[in-house]
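Colleague: output the structure for:
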Amino acid sequence: MKQSNDAKKSISRQFILIFATILIGAIGLCISLNDTLLKEYYLANNQKVLLAAYRSLNKASAEGNMDSDDFRIEVQRISGIYNISILIIDQDSQVVVSSDHESEMLTYDLQRNIFGTIYGQDQDAQIIEEDIDYTIQKSYDQRTGINYLEMWGFLENGDPFMIRTAMEGIEESVKLANRFLAYVGILALIAGVVAIWVVTTQITRPIRQLADISLRMAELDFDARYTGSEENEIGVLGRDMNRLSERLKTTISELKSANIELTKDIEKREELDAMRSDFISNVSHELKTPLALIMGYAEGLKMDINDDPESRNYYCEVISDEAEKMNKMVKELLTLNQLEFGNDPVPMERFDMTELIRNYLQSAVILTQAAGVKVIFEQEEPVFVWGDEFKVEEVLMNYFTNALHHVSGAMEIRISILQKDEHARICVFNTGEQIPEEELEHLWEKFYKVDKARTREYGGSGIGLSIVKAIMESMHQAYGVVNREDGVEFWFELETKS
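Modeller: Coordinates of the predicted model:
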């Protein structure tokens with residue numbers, strides 16, 4: 001249906017309809033003018049011919065040359081050129097000059113016109129022009145059934161004359177002219193339609209291509225290009241559309257990129273708002289217990305609930321211990337905030353991971369001995385890695401203290417370095433209970449605790465593993481946790497290549 005409507009509205013079809021309408025109208029107008037005006041024009045022209053012939057005859061009669069052969073030849077020439085019949089008789093009704101073999105019939109008609117009262121005037125005669133010496137009229141010959149335009153009268157020498165021409169030729173000429181116009185019009189219409197079709201096809205082909213390009217552009221397909229090489233207005237329009245398509249493509253691409261960035265910014269803002277809300281909620285929750293203890297024991301001291309020095313010392317120790325936990329948590333939160341917001345630069349340096357682990361274990365000997373834990377680290381050869389040595393030590397410290405707080409069973413903590421490809425994986429394993437699989441992915445969330453009672457027992461804040469996550473992501477390195485058969489293993493990786 002759409003193609004049918006497009007065909008009805010096509011420029012080629014409209015041009016053809018306009019041309020055909022104009023041509024048919026022009027031909028019809030010509031035929032109508034022929035029928036109405038050509039007869040009158042032909043009649044007026046023949047009237048002039050009769051007057052011209054009359055003047056020639058009158059001049060010859062005045063000069064007395066009517067008996068000469070030259071005059072007779074001139075009469076025949078005029079008669080042949082203008083297709084008229086000429087008759088001159090003398091006063092005795094004898095033929096002086098005649099261009100027609102039927103001179104008797106002309107003589108009779110001339111005498112009838114001159115002596116109408118004797119022979120009977122033709123009632124069908126219509127006088128067109130009348131003068132002292134001649135009369136021009138239209139008449140109808142009942143014998144032949146022919147209409148004539150005739151002129152009769154007297155020459156200067158007194159001889160009667162008659163000049164006439166048949167009017168039937170006028171009507172035949174009009175019909176012939178109309179038929180000729182109709183045939184020419186049909187041929188012109190066919191030739192014109194073909195020519196217009198060819199010409200408009202050459203014009204509409206690039207227009208259709210431009211229409212297809214604009215349709216594809218409306219559907220945001222900007223790869224379409226106008227390929228015409230015309231130097232006219234259509235070619236200029238096509239090249240302008242190519243430039244427009246390219247600019248739209250670039251602009252929309254930029255808008256899409258800006259939209260993606262805006263979407264990311266919105267998502268990041270929403271994420272930050274959620275993090276801020278969670279942070280406030282979690283901090284409030286974590287600080288609630290130590291603050292309550294501090295306020296409770298401080299109130300007890302103030303009211304002297306127990307007067308003995310031992311009780312007062314115990315109250316003071318609880319207050320000091322809870323304040324220390326709060327101080328530790330605030331420091332960890334500040335560290336995590338710097339890491340998450342990229343405010344803490346990450347200097348990459350090359351150092352020996354084996355030496356770093358040994359130095360840390362040496363500083364943690366008192367803790368491991370107090371807990372009754374056996375620490376195993378068998379790596380002897382140096383393993384050089386790239387990273388922020390201070391932050392890597394903090395990751396190791398979080399893993400180790402986490403293992404120290406959750407070790408049980410065989411009471412062993414094993415640290416190992418596994419080298420593969422261009423990375424070194426540092427693993428911290430502790431014997432004891434496994435972590436439920438559904439809890440593993442949540443370990444890296446702030447304030448998340450698997451066993452809250454036990455975490456509270458050793459003063460954990462639930463922030464340590466979040467700090468590990470932030471440090472490793474700032475260095476773009478992998479980290480994780482996995483349950484083993486007899487315990488849990490935390491790991492992280494560092495690059496060893498230069």
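Colleague: what's the spacing between the residue nearest the centre of the chain and residue 100?
Modeller: Central residue of the chain (CA atoms, centre = their mean): residue 217, 1.7 Å from the mean position. Distance, residue 217 to residue 100, using CB to CB, to the nearest Å: 83 Å. (Glycine included, C-beta is placed from N, CA and C.)
Colleague: residue 131 now?
Modeller: Remark: distance between residue 131 and residue 100 (CB to CB) = 24 Å.
Colleague: again, but for residue 68
Modeller: Distance of residue 68 to residue 100, given as CB to CB: 20 Å.
Colleague: quick one, which of those two is more surrounded?
Modeller: Taking neighbours as other CB atoms under 10 Å, residue 68 and residue 100 compare with residue 100 leading, 15 against 12.
Colleague: dihedrals phi and psi, the more buried one?
Modeller: Main-chain torsions, residue 100, degrees, to the nearest 10: phi -120, psi 140.
Colleague: ok, now the one 4 residues further on?
Modeller: Taking degrees, to the nearest 10, you get phi -60, psi -40 for the backbone angles of residue 104.
Colleague: that one - how many residues pack around it?
Modeller: Close neighbours of residue 104, defined as other CB under 10 Å, add up to 12.
Colleague: quick one: least confident helix or strand in the protein?
Modeller: Within the chain, confidence by mean pLDDT, DSSP states H and E is lowest for helix 452-458 among all helices and strands, at a mean of 44.
Colleague: and the helix or strand just after that one, what other elements does it pack with?
Modeller: Once the chain leaves helix 452-458, the next helix or strand it forms, by DSSP states H and E, is helix 464-474. When contacts are defined as 3 or more CB pairs under 8 Å, 6 or more residues apart in numbering; DSSP states H and E, helix 464-474 packs onto helix 309-340, helix 389-406, strand 479-484.
Colleague: quick one: which of those has the weakest pLDDT on average?
Modeller: Comparing mean pLDDT over these, the weakest stretch is helix 309-340, at a mean of 67.
Colleague: and after that one, which helix or strand comes next?
Modeller: Later in the chain than helix 309-340, the nearest helix or strand by DSSP H and E is strand 349-352.
Colleague: that following strand pairs with which strands?
Modeller: Neighbouring strands of strand 349-352 in its sheet, by DSSP bridges, are strand 384-387 (antiparallel).
Colleague: what residues does the strand it pairs with touch?
Modeller: With contact meaning CB atoms under 8 Å, 6 or more residues apart in numbering, strand 384-387 is reached by 348-353, 392, 424, 475, 477, 494-498.
Colleague: same thing but at 7 Å, please
Modeller: With CB atoms under 7 Å, 6 or more residues apart in numbering as the test, strand 384-387 has contacts from 348, 350-353, 424, 475, 494-496.
Colleague: which intervals of the stretch 201-350 of the chain have sub-threshold pLDDT?
Modeller: Scanning the stretch 201-350 of the chain with the threshold set as pLDDT under 70 gives 222, 275-293, 297, 301-302, 304-308, 311-312, 318, 321-322, 324-346.
Colleague: so which residues of it form helices?
Modeller: Taking DSSP state H, counting those that start in this stretch, the helices of the stretch 201-350 of the chain run over residues 233-303, 309-340.
Colleague: how close does residue 315 sit to residue 294?
Modeller: Relative to residue 294, and taking CB to CB, residue 315 is found at 10 Å.
Colleague: whoops, residue 224 was the one
Modeller: Distance, residue 224 to residue 294, by CB to CB: 74 Å.
Colleague: kindly report the same for residue 165.
Modeller: Using CB to CB, residue 165 is found at 142 Å from residue 294.
Colleague: which one of the two is surrounded by more residues?
Modeller: Taking other CB under 10 Å, residue 165 and residue 294 do not tie; residue 165 has more neighbours (21 against 17).
Colleague: right, and the more buried one touches residue 46 too?
Modeller: Yes - look at residue 165 against residue 46 with CB atoms under 7 Å: they come within range, at 5.6 Å.
Colleague: by contact count, what packs against whatever helix or strand residue 140 lives in?
Modeller: Here residue 140, judged by DSSP H and E, is contained in strand 134-141. Packing partners of strand 134-141 (3 or more CB pairs under 7 Å, 6 or more residues apart in numbering; DSSP states H and E): helix 39-63, strand 126-130, strand 146-154.
Colleague: average pLDDT for the longest one, rounded please.
Modeller: Read it as helix 39-63. Here the average pLDDT along helix 39-63 is 83.
Colleague: so for that helix, what gets flagged as buried?
Modeller: Using 16 or more other CB atoms under 10 Å as the test for burial, helix 39-63 gives 42, 46-47, 49-51, 53-54, 56-58, 60-61.
Colleague: next secondary structure element downstream of it?
Modeller: Using DSSP H and E, the next helix or strand after helix 39-63 towards the C-terminus is helix 69-82.
Colleague: who touches that following helix?
Modeller: Where contact means CB under 7 Å, 6+ apart, the residues beyond helix 69-82 that reach it are 49, 53, 56, 60, 65, 85-86, 97, 99.
Colleague: now the residues you listed in a markdown table, with distance to residue 23?
Modeller: Output for the contacts of helix 69-82, formatted as a markdown table (distance: CB to CB, whole Å):
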| residue | distance to residue 23 |
| --- | --- |
| 49 | 34 |
| 53 | 41 |
| 56 | 44 |
| 60 | 51 |
| 65 | 54 |
| 85 | 41 |
| 86 | 44 |
| 97 | 50 |
| 99 | 44 |
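Colleague: nearest to residue 401 among these?
Modeller: residue 49 (135.6 Å; CB to CB).
Colleague: could I get the contacting residues of the closest one?
Modeller: Contact analysis of residue 49 by CB under 7 Å, 6+ apart lists 82, 84.
Colleague: mind checking how far it is from residue 424?
Modeller: To residue 424, residue 49 is 126 Å away according to CB to CB.
Colleague: what about residue 309, neighbour count?
Modeller: 8.
Colleague: quick one, what contacts it?
Modeller: Contacts of residue 309 (CB under 7 Å, 6+ apart): none.
Colleague: how near is it to residue 316?
Modeller: Residue 309 is 10 Å from residue 316, by CB to CB.
Colleague: swap in residue 26?
Modeller: Distance, residue 26 to residue 316, using CB to CB: 121 Å.
Colleague: and for residue 382, nearest residue in space, chain neighbours not counted?
Modeller: Leaving aside its sequence neighbours, residue 382 sits nearest to residue 352 (CB to CB, 6 or more residues apart in numbering; 4.5 Å).
Colleague: pLDDT weak spots in the stretch 351-498 of the chain?
Modeller: Low-confidence segments of the stretch 351-498 of the chain (pLDDT under 70): 447, 449-462, 498.
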